[in-house]
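**Q** pasting the sequence and the predicted model now:
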Amino acid sequence: VLLESCWQQKPKNRMSFNKIIDQLEVVVNGPFLAYPPQNYLKLRSGWKNEITLHFDVFEKQLAEKGDYYLVTQREEELKHAQEVRMMYEKKLDVAENLCEQLDTCKKYLDNREDELERRERELQEKYMYLMGLYSEDSTDVDVDLPALPKRNEKNNKQKKTG
């Protein structure tokens with residue numbers, strides 16, 4: 001009490017010198033100084049053991065709280081890691097879907113290209129046949145076809161509706 005009072009932050013809350021002297025006289029005339037030194041040492045030893053015991057209990061509680069804190073912290077980290085994993089799994093699913101779509105488009109374009117090559121060969125054979133250049137033995141002849149006129153879709157639609 002004496003130490004706490006002397007170290008108050010506001011000076012007006014601190015004890016006056018007269019009160020400090022009165023407190024010190026109570027301590028000097030108190031029962032502790034009346035003990036013989038051997039009894040005081042036994043009391044001191046008991047206090048020391050009691051303080052050690054309390055510190056041990058306190059350390060144990062602190063360790064348990066620390067373990068609890070660590071467990072809680074690890075659980076939060078695990079939860080965050082699972083959220084990140086779920087996010088990346090969703091992104092992976094999107095990427096896999098895009099790859100499947102690209103693969104489907106590639107197959108479609110490859111088929112279209114094969115179909116166009118087949119039709120081009122057919123047209124070349126027809127042209128060569130019409131020009132009298134085609135024979136069974138002349139399949140390797142590469143003749144440039146004249147440019148075919150492109151159809152105008154608007155004209156075709158107008159003809160159909162007209």
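**A** Yep, it's here. Numbers count the residues shown, from 1 in each chain.
**Q** which residues touch residue 20?
**A** Neighbouring residues of residue 20 by CB atoms under 8 Å, 6 or more residues apart in numbering: 2, 6. In short, each C-beta sits where N, CA and C put it, glycine included.
**Q** tell me which element it is part of?
**A** Using DSSP states H and E, the element containing residue 20 is helix 17-28.
**Q** also residue 69?
**A** Element membership for residue 69 (DSSP H and E) is helix 37-131.
**Q** what helices or strands is that helix leaning on?
**A** On a contact count with 3 or more CB pairs under 8 Å, 6 or more residues apart in numbering; DSSP states H and E, helix 37-131 meets no helix or strand.
**Q** residue 115: how many residues sit nearby?
**A** Counted by other CB atoms under 10 Å, the residues lying close to residue 115 total 10.
**Q** any idea how far the helix holding residue 20 is from the chain center?
**A** In terms of CA atoms, centre = their mean, to the nearest Å, the centre of helix 17-28 is found 64 Å from the chain centre.
**Q** quick one: average pLDDT of the helix holding residue 69?
**A** Helix 37-131 shows a mean pLDDT of 88.
**Q** also stretch 24-33?
**A** Rounded mean pLDDT across stretch 24-33 is 76.
**Q** state the distance from residue 77 to residue 87.
**A** From residue 77 across to residue 87, the span is 16 Å (CB to CB, to the nearest Å).
**Q** cool, and residue 6?
**A** Going from residue 6 to residue 87 by CB to CB gives 60 Å.
**Q** one more: residue 74?
**A** Counting by CB to CB, the gap from residue 74 to residue 87 is 20 Å.
**Q** same question, residue 36
**A** Distance of residue 36 to residue 87, computed by CB to CB: 75 Å.
**Q** same thing with residue 75?
**A** Shown here: residue 75 relative to residue 87, a distance of 19 Å by CB to CB.
**Q** which residue of this structure sits farthest from its center?
**A** In the chain, residue 132 marks the outermost C-alpha relative to the chain mean, sitting 72.5 Å out by CA atoms, centre = their mean.
**Q** hang on, the earlier thing: how about the CA coordinates for the helix holding residue 20, as PDB?
**A** Extracted in PDB, the C-alpha atoms of helix 17-28 (Å, rounded to 0.1, in the frame of the first residue of the first chain):
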ATOM      1  CA  PHE A  17       5.600  12.700   4.500                       C
ATOM      2  CA  ASN A  18       3.800  12.500   7.900                       C
ATOM      3  CA  LYS A  19       1.600   9.600   6.700                       C
ATOM      4  CA  ILE A  20       4.600   7.800   5.300                       C
ATOM      5  CA  ILE A  21       6.400   8.000   8.600                       C
ATOM      6  CA  ASP A  22       3.200   6.800  10.400                       C
ATOM      7  CA  GLN A  23       3.100   3.800   8.000                       C
ATOM      8  CA  LEU A  24       6.800   3.000   8.600                       C
ATOM      9  CA  GLU A  25       6.300   3.100  12.400                       C
ATOM     10  CA  VAL A  26       3.500   0.600  12.100                       C
ATOM     11  CA  VAL A  27       5.800  -1.800  10.100                       C
ATOM     12  CA  VAL A  28       8.700  -1.300  12.600                       C
END
